[in-house]
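>>> no FASTA, just this:
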C-alpha cells in the first residue's frame, strides 16, 4: 500500500451543508411516539470527497453534516420527541470514529475545521438535553471507537451491549499518534469523572475496555446483556422521556418544517433572504450584512408557529448559521469578516421581545433562542477576525447587538456619511436589552457583556440601567460598548487602514490571539474542549510525528510503523 | 543579511541552572532595608548560546535563569524584603522581551521549554506576592515590549515613566507572527481586565501604548513624570512593604543561605544528596529516586533555621527542582520519568508534620511549603510521562505522596519481591496526611486528590478519615489511590510491558494527552496560561508562517517581509 499524497497540497472541495432526512446516506431517523431513533448506517462508498471508503461505520464530514441536520430537525420538527436513541444499524460496529484514511489525506485546515464542526454538533447534542429537554441516549450495540465513543460521550447516558466483544475505546493515541478530536479526553474526566490514571490507561489501550470494567471505570453507565438489549434501551429512553419538559405526544404541539434555504451563490458572494455576504478576495475579507425583520411583528405565539421557518429570527439564524459554516469550510483565505446589520431598530426589538417573553413557555420560541445562542457560539470559535461596523441604517439592538459584541472589535460611526445625507438618515444607534445580560451565554457561561467587562460587575449593573434606549456613537464609546467611534471625516480612512493592517498579519497568530482574547476568565467543559484540547490537537496535527510522511496518520494501515522523533516537547 | 539555519537541526546545548548574585551577568540585586531592587542590565555579549546579541535589554534563557535564582534567593535569603522593584539599569529600555534572533535560531523544543520556564518564573513572582507577602512592583522606566511587558504584567503593580517615548507593547503578533509567550494575553484580560477589543488593538499595534491611554486601558496602573519617578517608585514599594506579613527589618529574622547544590553528573545519570536520576537511554526513561530524610527530626523551628539549606525538605526540594529543570532542558529523549521514593515512612511524616505545624507562623517553613508546591507544579506541566512505582522500602507518605499523585499512573507492589526477602522487608505502604488535602494545590486550585476524584467530594471526605495510617497495596487499590497493584509474580512483567508500551507511543500525542488529563475541571489564570495560551503558541511556533524559511520569525530584521499562507485555520 502506498503512502498518501502530501495532504496540505490537496485541493479542498467545496462543502454544502444542505440535506434532509430523505436524502441521508448514512443515518436513518425514525420517530416512535416521544422517542426518536437515530441509526448510523454509513454508506462506505459515499464519502464527501473521493479517496477513501467509510468502513466499519466510520465517518467523515458528510456523515456529520447529516447528524447535525438530524439534531436540528429533531428540535424544530419534532416537538413531541423527548428522548433520542443514538445507535447503529450495523452488526457489531457502533461507530469506528473519524475515518483514518480521510484524516491521512486531509489538509491541516480540513482536519481542524472538521473537528470544530463535529465538536459543535456534539455540544449541540448536550444542548438539546440540557436546554430543550430532548435527552440523547447512546445505545452502543457494537464497538464504539475513537469518535464513535466520543459521540456516545456527548449523550446523557451510555448503554453498552454485553456480548463479550463490544468495547468502548479511544485508540487515537496508540494507533494514530493524535488526540481524540471531539472532546473525548475532556468529557471523560470532566463530565464522566473518569479518574485521570484510568483515563490515561484507557486512552493508550487501543482495544479499549468492555463489560463490568467499563462501568466500574465510569466509561459507560451500564452494560446490558444481548437478550435484554432492546427492552433496556427502550426503558432508558422512556425514563428520559418521562423527565422531559417538552410537549407530550398527546399535546397539540406540531413541529415546523425546516424548509430548504433560499441561497444564491456567485464567485463574489452568497445571498440569502435576510443575510448577504460579499467577498473581497483581493483584500481577504467578506462583508456580512444581516438584515433586520421586515413586515409586521407577530402578535401571538400562535402566529409565530404559523410562520414557522419564515419567522424572521429563525429564518435569519438559519441563514447566518449556514453562511458561517460555508465560509469556514470553503473560504479559508477570507480572513476578516465584517459584520453589519441593516434595518429598523424598533422592529428588531419588537421581534426579540417576543423571544424574551415566550422562551420560557413556548417550545418553539425556546428552540429559536437556543439556536441563535448556538450560532453566536459558532462565531466565538470561528478562526477569522470579526469586525463589527455600526453605521447609520443599522439595527444592532438587543439580540442583534450580540453579533457586534461577539466581534473582536466594534467601530461605530459618529454622525452620518455624505452619501447618506440625501436620505436624511439618522446617525447610527445601538440599543441594549435584557437579551444582552444572559439570554445567549458564551461557552464559558458568561454573557458577552460580562466577558467584555470581566470582573467589573459594577459596569455591567450600570449598563442594565441603560437598556431600551438609543445610544449614539459618542456615548457608546464612553460606555465602553464600542472600540472606537470615528466621525464622518475619519471613518473611511480609519476603517480602510484597520482592515489593511489586519490583512497583513500572520493568519495563525491572529487565530491564536483571538482564541485567547475571546474567552476570558472561567472555563467550562465546552470552552476547554475548544481551548485546551483543540489547541493541543491542532499542534499535534501539524507535527511530523502525526502528519509527516513517516507519521502515524500516514503510516496507519500500511503495515509499517510510524517513525517518531522521540524528543518530548 | 542571511536567513538563519533551520532551527530544528541545530544541536541543543546543555543547560545549567546554577548561578548566584555575584555571578549574574544580566541583573543586579540590591537590598535596601525592606525593599529590594532587581535591575535588568543585560550583557549583550553574554547569550547562553552563541549566535545572537542581546540588544535593548532583550533576554534569553540565561537571563531568565538569573531572574529565577534572584526570586528564590529573595524569598529564602532575605526574609526582611517585603517589596521588590523590578526595573532597568539601561536608559530608555525597560526590556525588549525575548530576543528575536534567539527565537529564530532556536529549535521548537528549545522555544517551548524556554517559554515554559519563563512562565514558571513569572508565576513564581505572583506566588511570592500572594503567598509570601513579598510584593513585586514593575518600575517601567523605558519601553517594555513583548516579554518585557509580560514581566511587568506578572508584578502586582505597574508604573510607567511618562517621558513622551516610553511605552508598553506586545508586538509579537504584528512583528513576529507568534503570540506573546509568557502569559501576556491571558494576564491582560484575566488579571488586569483589559477589555478584549482593546487587548486586540493593543496586541496588534507594534508601537504599543503610552501615557494616559495606557492607564485608561488598564495596561499600567499609573504613569509618573520623570521628575517624580524615583520618589514615586520608592513610595509605591514602601506602601506594598507596609502591607506585608513578612518579618520586619527590625525583627530577628535572618535569611538562610542557598548554598550551591552538590551534584554529580555522568552520562548515565545525575546524583544529588537526596535525589538520584538514572538514565536508560535505550528505553527512553529515567528512574528518579527521592530519598527520605535521614537523621533526627528537628525539634524546634529554631533548629530548622539553623539547618537552613540542609533541612531535608528544603534540600530535597531544591535538588528535585534542579533535576526537573535539567531533564526538561537537556534530556528530551527520556520521555518517561519513573518516580520512586526510598526511606522511612515515619521520618518522612515527622518532617512534614513540622512543615504543617509551622507554615502559618514561621516565614522559612512557609517558604519551604510553597517551594515544594511550586516544584510539584513543575511536574504537572512537564511534558514527560510520569509513572510512580511504589515498592517496599518506599516512603510515599503525606507530602511525598503528592509526587505519586502528580504522576499519570501509580503502580504499587502487592507483597515483596524475592530479592527483598533476605532483608525481611515489609510490603510497600503509603500514608495520607493533611498535606494531601490542600497544602500543595495545583495550578487549577484543586488538590491532587480533588483532581483525582473530581466532583466526588464524598470520596475525598472519606479519604480524610484514612489519614495517618499505613495503607497497603490492595487497600490502596480499593481506595482508588493507585492505578494497579500487581503482586510479586506479575510486577516485573507488568511494569516492563507498561514502560515499553509507553515508549512506543507518539511523544507529541502523549504530551497533549497528559496536558489534558492532568488538569480536570476548573481553570485559573495560571492553568489557562499553560493550557489555552501555551497550546496555541506551540501550534503557532511550528507553523511555517512563524518558523518556516519565509516565516515572520526568520524574516524579522532582514528587511524583507514574511510571506504568509493566508489560509485561516
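Perfect, thanks for sending it. Since the model is a prediction, treat every value here as computed from it, not as a measurement.
>>> need the contact list for the closest residue to chain B within the stretch 351-500 of chain A.
In the stretch 351-500 of chain A, the residue that lies nearest chain B is residue A:483 (4.2 Å; Cβ to the nearest Cβ). Every C-beta, even on glycine, is put in place using the N, C-alpha and C of the backbone. Listed by Cβ atoms under 8 Å, 6 or more residues apart in numbering or on different chains, the contact partners of residue A:483 are A:409-411, B:197-198, B:200-201.
>>> same deal with residue A:499?
Shown in contact with residue A:499 (Cβ under 8 Å, 6+ apart): A:283, A:285, A:336, A:338, A:387.
>>> host element of it?
According to DSSP states H and E, residue A:499 maps onto helix A:491-504.
>>> give me the buried positions along that helix.
Going by neighbour count (16 or more other Cβ atoms under 10 Å in any protein chain shown), the buried part of helix A:491-504 is A:491, A:495, A:498-499, A:502-503.
>>> likewise for stretch A:74-92?
If you call a residue buried by 16+ other Cβ under 10 Å, then stretch A:74-92 has these buried ones: A:74-90.
>>> in helices only, show me those.
With DSSP state H as the criterion, helices contain A:74-77 from among these.
>>> what lies in contact with the helix or strand where residue A:240 lies?
According to DSSP H and E, residue A:240 maps onto helix A:229-242. Helix A:229-242 has contacts (Cβ under 8 Å, 6+ apart) with A:34-35, A:82-85, A:87, A:135, A:137, A:139, A:141, A:156-157, A:159, A:161, A:222, A:224.
>>> and what of stretch A:555-569?
Outside stretch A:555-569, the residues that touch it by Cβ under 8 Å, 6+ apart are A:1, A:3, A:100-101, A:104, A:175-177, A:544-545, A:550-552, A:554, B:108-109, B:112-113, B:284, B:332-335, B:383-384, B:506-508, B:510-511, B:538.
>>> so who does residue A:156 touch?
Contacts for residue A:156 (Cβ under 8 Å, 6+ apart) come out as A:126, A:129, A:135-137, A:240.
>>> let me have these in a markdown table, adding neighbour count and secondary structure as columns.
As requested, the contacts of residue A:156 are exported to a markdown table (neighbours: other Cβ atoms under 10 Å in any protein chain shown; DSSP: H, G, I helix; E, B strand; the rest coil):
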| residue | neighbour count | secondary structure |
| --- | --- | --- |
| A:126 | 19 | helix |
| A:129 | 21 | helix |
| A:135 | 26 | strand |
| A:136 | 26 | strand |
| A:137 | 25 | strand |
| A:240 | 24 | helix |
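>>> nearest to chain B among these?
Each of the contacts of residue A:156 was scored against chain B by Cβ to the nearest Cβ, and residue A:126 proved nearest at 16.5 Å.
>>> OK, contacts around the nearest residue to that closest one once chain neighbours are set aside?
Leaving aside its sequence neighbours, residue A:126 sits nearest to residue A:154 (Cβ to Cβ, 6 or more residues apart in numbering or on different chains; 5.7 Å). By Cβ under 8 Å, 6+ apart, the contact list for residue A:154 reads A:122-123, A:125-126, A:136, A:182-183, A:187.
>>> for these, pick the one with the most neighbours.
When neighbours are counted by other Cβ atoms under 10 Å in any protein chain shown, residue A:182 leads the contacts of residue A:154 with 31 neighbours.
>>> does that one really touch residue A:115, like I thought?
Yes - using Cβ atoms under 8 Å, residue A:182 makes contact with residue A:115 at a distance of 6.3 Å.
>>> list the buried residues for stretch A:304-323?
A:304-305, A:308, A:311-323.
>>> stretch A:452-462 now?
A:452-454, A:459-460.
>>> can I get these in JSON lines with distance to chain B?
Below are these laid out as JSON lines (distance: Cβ to the nearest Cβ, whole Å):
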{"residue": "A:452", "distance to chain B": "6"}
{"residue": "A:453", "distance to chain B": "7"}
{"residue": "A:454", "distance to chain B": "5"}
{"residue": "A:459", "distance to chain B": "10"}
{"residue": "A:460", "distance to chain B": "12"}
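>>> okay if I get those as CSV plus pLDDT and distance to residue A:294?
Putting these into CSV (pLDDT from 0 to 100; distance: Cβ to Cβ, whole Å) gives the following:
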residue, pLDDT, distance to residue A:294
A:452, 98, 30
A:453, 98, 34
A:454, 97, 37
A:459, 97, 35
A:460, 98, 33
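>>> and of those residues, the nearest to residue A:250?
Using Cβ to Cβ, residue A:460 comes nearest to residue A:250 of those, at 43.4 Å.
>>> the helix or strand hosting the closest one - contacts with which helices or strands?
Assigned by DSSP H and E, residue A:460 belongs to helix A:457-464. Judged by 3 or more Cβ pairs under 8 Å, 6 or more residues apart in numbering or on different chains; DSSP states H and E, the packing partners of helix A:457-464 are helix A:448-452.
>>> what about stretch A:105-120, near chain B?
Yes - applying Cβ under 8 Å from any Cβ of the partner chain, one finds stretch A:105-120 touching chain B at A:108-109, A:112-113.
>>> just flag the most distant two among those residues.
A:108 and A:113 (9.5 Å).
>>> can you pick out the residue with more neighbours from the two?
In this view residue A:108 and residue A:113 are compared by other Cβ under 10 Å, and residue A:113 has more residues nearby, 23 against 18.
>>> give the contact list for that one.
Shown in contact with residue A:113 (Cβ under 8 Å, 6+ apart): A:328-329, B:569.
>>> got a pLDDT number for it?
Turning to residue A:113, the model gives it a pLDDT of 96.
>>> okay, and it sits in which element?
Using DSSP H and E, residue A:113 falls in helix A:108-132.
>>> from what I can see residue A:385 touches residue A:335, true?
Yes - Residue A:385 is within contact range of residue A:335, at 6.2 Å (criterion: Cβ under 8 Å).
>>> anything in contact with each of the two?
Contacts common to residue A:385 and residue A:335, judged by Cβ under 8 Å, 6+ apart, are A:502, A:510.
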